[in-house]
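Asks: heads up, no residue letters with this:
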């Protein structure tokens, strides 16, 4: 028995919502497209077509029907949402969820704030900065200065990004403050190795997931997404480097 237009429209809505959550949460392009196609096929739409970029998703139930577009303006890293959507997709493949049940679950995931509390994000960045310093064979005397600079830099980035929508400016200003705090620790005798303190403290700002996804997309043949994510990672690295360079130019 074939699907009517209303049923197909609900399936398309479900696929687009799943893809939107994934791309906003930091999933790679191949995962987004594969999840959407599997969901569509599980509900009897095996000829669905999808095209995913970091800023938008185009999806159609077949080659003849009109495609629908979802614009993606903001992206972050929330791997828990990625895992939840993957779990829902597997349930759909096993026939355990109807379209309406899956839509209801995905809408809850889309609205949910699953991010860790800000204080925990800042504390984690602080501890990670100190651990990076030891990993880079620094001395224990620089552990605390690296923790302070990394924690304050992360806190500044989080709050600046709320008001400065262009994240590269927030990253540049945060790295600039990290550089000043590192230089201050050396000037006061609290720290000993300026280079290692700076390198360790900016590590939480480095776009590791973005670089990884860019390489994966490139290997999977998603050239447009790979280049876009690679350019994003490059600009982030440039912003971090520029902020540190400004400080080093004046000390």
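Replies: Nice, thanks for sending it over. Since this is a predicted model, take the numbers as computed values, not measurements.
Asks: longest helix of the protein?
Replies: helix 223-249 (DSSP state H).
Asks: distance between that helix and the chain's centre?
Replies: Here helix 223-249 is found 15 Å from its chain centre; the criterion is Cα atoms, centre = their mean, to the nearest Å.
Asks: looking at it, residue 44 is touching residue 3, isn't it?
Replies: Yes: Residue 44 sits in contact with residue 3 when judged by Cβ atoms under 8 Å, with a separation of 5.7 Å. The C-beta positions use only the backbone N, C-alpha and C, and glycine is treated the same way.
Asks: so which elements touch the longest helix of the chain?
Replies: When contacts are defined as 3 or more Cβ pairs under 8 Å, 6 or more residues apart in numbering; DSSP states H and E, helix 223-249 sits against strand 49-53, helix 167-187, helix 194-202, helix 208-219.
Asks: now do the shortest one, average pLDDT.
Replies: By that I understand strand 49-53. In this model, strand 49-53 has a mean pLDDT of 89.
Asks: cool, stretch 31-43 as well?
Replies: In this model, stretch 31-43 has a mean pLDDT of 91.
Asks: residue 69 should be in a helix, yeah?
Replies: No: counting by DSSP: H, G, I helix; E, B strand; the rest coil, residue 69 is not found in a helix; it is strand.
Asks: next, show the common contact partners of residue 44 and residue 3.
Replies: Shared contacts of residue 44 and residue 3, defined by Cβ atoms under 8 Å, 6 or more residues apart in numbering, comprise residue 11.
Asks: may I see the buried residues of stretch 168-183?
Replies: 170-183 (16 or more other Cβ atoms under 10 Å).
Asks: can you add pLDDT and distance to residue 122 and give these back as JSON lines?
Replies: What follows is those, written out as JSON lines (pLDDT from 0 to 100; distance: Cβ to Cβ, whole Å):
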{"residue": "170", "pLDDT": "90", "distance to residue 122": "15"}
{"residue": "171", "pLDDT": "90", "distance to residue 122": "16"}
{"residue": "172", "pLDDT": "91", "distance to residue 122": "19"}
{"residue": "173", "pLDDT": "92", "distance to residue 122": "16"}
{"residue": "174", "pLDDT": "93", "distance to residue 122": "12"}
{"residue": "175", "pLDDT": "94", "distance to residue 122": "16"}
{"residue": "176", "pLDDT": "94", "distance to residue 122": "18"}
{"residue": "177", "pLDDT": "94", "distance to residue 122": "14"}
{"residue": "178", "pLDDT": "95", "distance to residue 122": "13"}
{"residue": "179", "pLDDT": "94", "distance to residue 122": "18"}
{"residue": "180", "pLDDT": "94", "distance to residue 122": "18"}
{"residue": "181", "pLDDT": "94", "distance to residue 122": "14"}
{"residue": "182", "pLDDT": "93", "distance to residue 122": "17"}
{"residue": "183", "pLDDT": "93", "distance to residue 122": "21"}
